[in-house]
Every structure is written in C-alpha cells, then in structure tokens.
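1. no sequence on this one, just coordinates:
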C-alpha cells in the first residue's frame with residue numbers, strides 16, 4: 001500500500017521502454033530484448049529494469065551494452081512521456097529468472113525420463 005505509486009510508475013516505465021525498443025532505438029547491438037519487469041524505489045529516483053535476450057551470451061553482452069549506452073535517450077523520452085517531476089535513473093539488469101526456470105524444467109524432464117525408463121525396465125523383469 002505504501003509503495004503503490006512506485007508500482008504504477010514501474011508498470012508505466014516497462015510499457016514505455018517496450019515501445020521505445022520496438023520503435024525508437026536504432027542501436028544495432030540491441031537484439032531481441034524483452035523487458036520482464038521494472039522495480040522502482042519508493043522515492044521514485046531509481047528504476048531497475050530487468051530484461052531478457054534471445055540468443056547466446058554474446059548477444060546478451062551486446063544487447064546489454066547497447067541498452068546501457070542508450071540510457072540517456074530512454075530517460076529523456078521517459079521524461080517527455082511520463083510527465084513526472086523527476087525522471088528515475090535507469091539501471092538495466094539481465095533477468096536470470098527465465099534461465100533458472102528453464103534449467104529447472106530441463107532437470108524435471110530428465111527426472112521424468114529416468115522414472116519412465118525405470119518403470120519400463122522393471123516391467124520386463
């Protein structure tokens with residue numbers, strides 16, 4: 001309840017950055033980036049922007065470098081669109097939750113495959 005405004009500002013920042021990624025940014029280093037979430041501090045001075053990238057580690061590094069170099073442009077555009085007294089500073093961080101989730105899915109599939117093999121082998125004996 002105390003930080004409801006920061007949640008709304010974070011949601012709006014996420015929408016605006018997603019639009020800017022599609023239409024506004026022309027940096028060739030930025031690949032297929034998805035903004036997964038934005039956390040804004042209660043004083044609205046810092047916004048942590050979490051993103052994922054389709055591709056390998058090289059694509060991730062290049063996209064991260066492109067996003068960091070475009071922070072002034074994105075912040076200026078956010079200032080125009082959000083109409084806030086102070087536009088939050090932006091900090092881009094790679095979101096590891098998607099990788100973590102796919103690793104858990106992979107491990108669960110391996111366990112399920114092993115259980116299927118064990119049950120088929122025990123039925124033959």
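-> Structure's in. What do you need? Everything numeric here is computed off the predicted structure, so don't read it as measured data. Numbering: from 1, shown residues only.
2. I figured residue 92 was touching residue 64, is that so?
-> Yes. Using CB atoms under 8 Å, residue 92 is in contact with residue 64, at 6.5 Å. Every C-beta, even on glycine, is put in place using the N, C-alpha and C of the backbone.
3. comparing the two, which residue is more hemmed in?
-> Taking neighbours as other CB atoms under 10 Å, residue 92 and residue 64 compare with residue 92 leading, 21 against 18.
4. and that one, what are its phi and psi?
-> phi -90, psi 130 (degrees, to the nearest 10).
5. and it, how far is that from residue 106?
-> According to CB to CB, to the nearest Å, residue 92 stands 27 Å off from residue 106.
6. so what does the helix or strand encompassing residue 17 touch, helix or strand wise?
-> Following DSSP states H and E, one finds residue 17 within helix 4-23. On a contact count with 3 or more CB pairs under 8 Å, 6 or more residues apart in numbering; DSSP states H and E, helix 4-23 meets strand 33-40, strand 46-53, helix 71-82.
7. so which of these comes closest to residue 14?
-> For the helices and strands packed on helix 4-23, proximity to residue 14 was assessed by CB to CB; strand 33-40 is nearest, at 4.5 Å.
8. show residues contacting that closest one.
-> With CB atoms under 8 Å, 6 or more residues apart in numbering as the test, strand 33-40 has contacts from 6-7, 9-11, 13-14, 17-18, 21, 46-54, 63, 67, 88, 95, 97-98.
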